[in-house]
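dropping the sequence and predicted coords here.
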Amino acid sequence: MLVLPMYVALGAPSVALPAIGRVLAVPFGATAWILAAWSLTSALAMPVAGRLLVRWSPFQVLVAGVVALAAGSALAGAGPTLSVVIVGRLIGGAGAGATVIAVFAAATALPGRQRIRALGIIAVATATASGCGTLLGGAVTAWLGWRAVLAIPVLALPLLLAALPSRPALTRSGSGERNGSPGRLDIVGAAVLSVLAGSLITLLQAHSVGLPAPVTLVVAAAGALAAVGLWWRVRSTPDGFVPRRVIASRGFLAAGLIGGTVFAGYYGVLFRAPSLIEQATGGGLLEAGVLLVPAAACSVLAGRLVGTLTDRFTGWQVSAGLAAVTVVGVLVVAIFTGPIPIVVGTALTVCGFAGAQAVLVNLAPDLVAADDRDTAQSLLNFMNALGGGIGPAAVAGLLAALPLAGLALSLIRRPTADRRPQPDATRGSPR
């Protein structure tokens, strides 16, 4: 339940952007930062939260994340200027990223069959909430105003009470010592990864927000330097913020790239579908939101099927099928016109997204040593979130190519990569 408000917050505010621009007297392009700010800090908070799990329990991370989520969203909803609204979205996005990692950490700690079932439920909730964002955003904007839309994630605070019965499962101790540096945060590694991710998301939003060319060049240069810095940091500090043993684990980067490409396809379609339906029907966003509800409901089917499929096939085989479903969905939306093909295409990408999220997060703990589970899971979700940020900025042809690349990666992975390495397998000299 805790993930529902934050995933609604991904799509719902897009409907309110025109109203926000009019009330705050700012250009419409500038309001795109409201969406970009959330994507940026949500992605960046994920690996930070993963490292905090070394010392903190998932419940402590969850409480901190929900408080930041609610506080930031309240600030955004009450903000008198665009700058204050953006600051609130930055804080709320960071809280959302930490909350997601805490929820996944609790789910991945469960034994085999229970783990995939829990991840399937989370995937259904996230896909349904994000898919219904247009409808909820339009309805709330029409009835209560745009400030109420930005404040929707505040509902996570009372929902935190629902997690109290599960507190024993969420209060396991941190992962313990990791190569002699328990709880130490690699500030330099975190900084270069943050600059790299921030530069990428800013560049993707440069056109929509009207970023001046000189500023765009500076951001691009900062991103390039951060990429080099991250490469150097991983090589020189193998146990740093991005542990070399984790990203060098067989299949880990492939899993992250597959998830990122599938997420890009889903969020790209989700971003375009409401306006395409609006153009095809001549109706408004509320009508488009209603038509997209059946597509969002398909996540329930995907969540129920994913457990059965993983019993019969390897995670790589299932992820290949889900990537293929996403490719078909993107192509249907890109090629055909009319509301029915758009809803069908969106439904296919919903299935791909919901299924891939459950399968890949379930697969991640089996790719690394047991004491690296939380770090691996947070880095995987970070890569997925970056893919989700790329999707809305990609043109139709590139959007179809992204999950197609994920399909290719899934097909070339060997089933042996599903086996978890022994705790000592990743120790010693970096690979």
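Thanks, I have it.

any weak-confidence spans in the stretch 51-200 of the chain?
Counting by pLDDT under 70, the ranges of the stretch 51-200 of the chain that qualify are 112, 163, 165-184.

for it, what spans make up the helices?
58-78, 82-108, 112-131, 133-143, 146-150, 156-159, 167-170, 187-209 (DSSP state H, counting those that start in this stretch).

quick one: closest of those helices to residue 5.
In terms of C-beta to C-beta, the element of the helices of the stretch 51-200 of the chain nearest to residue 5 is helix 156-159, at 4.6 Å. (Each C-beta comes from the backbone N, C-alpha and C, glycine too.)

now do that closest one: which elements does it pack against?
The criterion is 3 or more C-beta pairs under 8 Å, 6 or more residues apart in numbering; DSSP states H and E, and the helices and strands that helix 156-159 contacts are helix 3-24, helix 58-78.

at 7 Å what do you get?
Counting by 3 or more C-beta pairs under 7 Å, 6 or more residues apart in numbering; DSSP states H and E, the packing neighbours recorded for helix 156-159 are helix 58-78.

which residue, other than its chain neighbours, is closest to residue 6?
Distance criterion C-beta to C-beta, 6 or more residues apart in numbering; nearest residue to residue 6, sequence neighbours excluded, is residue 96 at 4.1 Å.

number of nearby residues for the one you found?
Look at residue 96: counted by other C-beta atoms under 10 Å, it has 33 neighbours.

what sits against it?
Residues touching residue 96, when contacts are defined by C-beta atoms under 7 Å, 6 or more residues apart in numbering, comprise 6, 42, 69, 153.

one more time with 10 Å, if that's ok
3, 5-7, 9-10, 38-39, 41-43, 45-46, 65-66, 68-69, 72-73, 89, 153, 156, 385 (C-beta atoms under 10 Å, 6 or more residues apart in numbering).

then residue 376?
With C-beta under 10 Å, 6+ apart as the criterion, the residues that contact residue 376 are 50, 108, 243, 245-247, 249, 252, 255-256, 361, 363-369.

now do residue 227
For residue 227, the residues meeting the contact criterion (C-beta under 10 Å, 6+ apart) are 192, 193, 195, 196, 199, 200.

could you rerun that using 7 Å?
residue 196.

could you say which helix or strand contains it?
Residue 227 is part of helix 213-236, with elements assigned from DSSP states H and E.

buried residues in that helix, which are they?
Taking 16 or more other C-beta atoms under 10 Å as the basis for neighbour counts, the residues of helix 213-236 that come out buried are 219, 222, 223, 226, 227, 229, 230, 233, 234.

same deal with stretch 312-329?
Using 16+ other C-beta under 10 Å as the test for burial, stretch 312-329 gives 314-329.

tell me the angle the helix holding residue 227 makes with helix 187-209.
Computed with axes from the mean of the first three to the mean of the last three C-alpha atoms, to 10 degrees, the direction of helix 213-236 lies at 150 degrees from that of helix 187-209.

out of the helices of the stretch 51-200 of the chain, which comes closest to residue 21?
Among the helices of the stretch 51-200 of the chain, helix 82-108 comes nearest to residue 21, with 8.6 Å by C-beta to C-beta.

tell me the angle of that closest one relative to helix 58-78?
Helix 82-108 and helix 58-78 are oriented at 160 degrees to each other (the same axes, to 10 degrees).

now do helix 82-108 against helix 3-24, angle only.
Helix 82-108 and helix 3-24 meet at an angle of 170 degrees, taking the same axes, to 10 degrees as the criterion.
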